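S.K.: one predicted model, sequence on top.
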Amino acid sequence: MEGIRRRRELAGEKYGEAAADYSGAFSDCNSDHSGEFTAESNLVRRLRLSTISDELLCRLISNLRSESSDARRAAAMELRLLAKHSMENRVEIAKAGAIGPLISIISDPEQQLQEHGVTAILNLSLCDENKDSIVAAGGIKALVTALSSGTSTAKENAACALLRLAQVEENKILIGRSGAISPLVSLLERGSLRGKKDAATALYTLCSTKENKVRAVEAGIMKSLVEFMADLESGMVDKAAYVVNLLVDVAKGRTALVEEDGIPVLVELLETGSQRQMEAAISALARVCEQSAAHCAMVAREGAIPPLVAFSQSGGLRSKQKAEVLIRLLRQTREEN
C-alpha cells in the first residue's frame with residue numbers, strides 16, 4: 001500500500017492536478033451534413049431566405065401528424081432545413097410545439113422520415129433553450145433507438161444530437177442510463193470515418209462521468225481505441241488517445257487497456273506521435289502506473305524511459321513536468337524491484 005500511495009503522490013493525485021482538457025481535438029458535431037441537399041439547391045436557397053411565420057409552422061406541425069407519409073416526410077424535411085441555418089428559427093420552431101411530433105416520427109419505420117426527424121432534432125438541439133424541451137419530450141430514448149437501429153445517417157446525426165444534449169451536465173447520466181453507450185461504441189467500431197469521429201466525440205463528452213466510463217469499457221470500447229492509436233493513418237489517433245485518458249480513471253479501464261495490449265501502443269506514441277499524442281500517452285501511462293507496480297514494470301520493459309527523457313528535455317513546461325513525474329514513477333519501481 002505504501003508503494004501505491006507513493007506512486008499516486010508522484011503522479012499528482014494528492015496535490016490535485018487537474019486532468020488535461022483535450023476537448024479542442026473534437027469537432028462540435030454541430031452540422032446537418034447528410035448530403036442529400038446541395039448548398040445550391042432551390043429548396044435550400046428558398047428556406048435560407050424564408051421568414052418563418054406562425055401560419056407556416058402551424059401547417060408543418062399539422063402535416064407531421066398527417067396520415068400521409070409523403071406529407072409527414074415533406075414537413076419534417078422542411079422543418080429540418082429551416083432549423084439548420086437560423087438560431088431564431090430554432091427558437092420559433094420549438095415554441096410552436098414541433099419538438100414532440102418530430103420526436104414521434106423518429107420511431108417511424110420509413111428510413112427517410114426517420115432521418116429527417118433525427119436531423120431536425122439535431123438542428124434544434126444546437127439552441128441551448130431547446131435542450132430541456134427535447135429531453136422532456138422523450139428525445140433521449142428516441143435518439144438512442146435511432147442510434148441503435150437507424151440508417152448510417154440517422155445513427156451519425158443521433159450521435160451528434162446526443163452529444164449536444166450531453167453538454168447539459170445532468171443529461172450525461174440520463175443518456176448513459178438510456179442505453180446510448182453501447183450503440184455509440186458500435187458506431188465507433190463499424191461506422192464511416194465521419195461516424196467514428198461523431199461517436200468518439202459523443203463518448204468523450206459522456207465519459208466525463210464515472211458510470212459512463214464503466215459502461216464504455218464493459219461495451220468493449222478499448223479494443224477499438226487501441227487499434228486506432230496503433231494506426232497512424234486512421235485519422236482517429238488523437239481522439240482515441242483522449243478517450244483512453246478518460247477511461248483509465250477507472251480500474252476496469254486500466255485493466256482493459258493492459259488486456260488489449262495498449263501499453264506498447266502508448267509507448268510507441270511516445271516515440272512516433274505528434275506533440276499532442278505524446279502528451280496524451282504520458283497522461284494515460286502515468287494514471288496506469290500510479291496504481292500498479294506491475295504496470296510500471298511493464299511500461300519500463302517496453303522502453304518508455306528513453307523517449308520520456310527526450311520529451312522532458314524538449315516539451316513545454318507542463319508536458320515536461322508530466323514526463324518527469326512518469327520517469328520518477330518508473331525508476332522508483334525499478335529500484336523497488
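M.R.: It's in.

S.K.: tell me which residues in the helix or strand harbouring residue 226 are buried?
M.R.: Assessed by DSSP states H and E, residue 226 sits inside helix 221-230. Neighbour-count burial for helix 221-230, with 16 or more other CB atoms under 10 Å as criterion, is recorded at 221-222, 224-230. In short, each C-beta sits where N, CA and C put it, glycine included.

S.K.: ok and the next helix or strand after it relative to helix 221-230, angle-wise?
M.R.: Per DSSP H and E, the first helix or strand lying C-terminal to helix 221-230 is helix 237-247. Inter-element angle recorded for helix 237-247 and helix 221-230: 140 degrees (by axes from the mean of the first three to the mean of the last three CA atoms, to 10 degrees).

S.K.: what is helix 237-247 packed up against?
M.R.: In this structure, helix 237-247 makes packing contacts with helix 193-206, helix 210-218, helix 221-230, helix 251-259, helix 262-272, helix 275-291, judged by 3 or more CB pairs under 8 Å, 6 or more residues apart in numbering; DSSP states H and E.

S.K.: in this structure, which helix or strand is least confident?
M.R.: helix 2-11 (a mean of 48; mean pLDDT, DSSP states H and E).

S.K.: quick one: mean pLDDT for the helix holding residue 226?
M.R.: The average pLDDT within helix 221-230 is 98.

S.K.: of the helices and strands packed on helix 237-247, which is nearest residue 312?
M.R.: The stretch from these with the least distance to residue 312 (CB to CB) is helix 275-291; that distance is 9.5 Å.

S.K.: next, the buried residues of the next helix-or-strand element following the closest one.
M.R.: Downstream of helix 275-291, the first helix or strand assigned by DSSP H and E is helix 293-301. Counting neighbours by 16+ other CB under 10 Å, one finds that the buried residues in helix 293-301 are 293, 295-300.

S.K.: got TSV for these, with pLDDT and distance to residue 184 too?
M.R.: Formatted as TSV, the buried residues of helix 293-301 follow (pLDDT from 0 to 100; distance: CB to CB, whole Å):
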residue	pLDDT	distance to residue 184
293	88	34
295	92	27
296	92	32
297	92	34
298	94	30
299	95	29
300	93	35
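
S.K.: is residue 182 in contact with residue 212, as I believe?
M.R.: No: using CB atoms under 8 Å, residue 182 is not in contact with residue 212, being 11.2 Å away.

S.K.: so these two - more neighbours on which side?
M.R.: Using other CB atoms under 10 Å, the more surrounded residue of residue 182 and residue 212 is residue 212, with 25 against 17.

S.K.: buried sites along stretch 159-177?
M.R.: 159-166, 171-172, 175-176.

S.K.: same question for stretch 209-218.
M.R.: For stretch 209-218, using 16+ other CB under 10 Å, the buried residues are 209, 212-217.

S.K.: ok, stretch 74-94 next?
M.R.: Those buried within stretch 74-94 under the rule 16+ other CB under 10 Å are 74-84, 86, 89-94.

S.K.: tell me which residues touch residue 246, please.
M.R.: Residue 246 is in contact with 19, 204, 207-208, 213, 253, counting by CB atoms under 8 Å, 6 or more residues apart in numbering.

S.K.: swap the cut-off to 7 Å and go again
M.R.: Shown in contact with residue 246 (CB atoms under 7 Å, 6 or more residues apart in numbering): 204, 207-208, 213.
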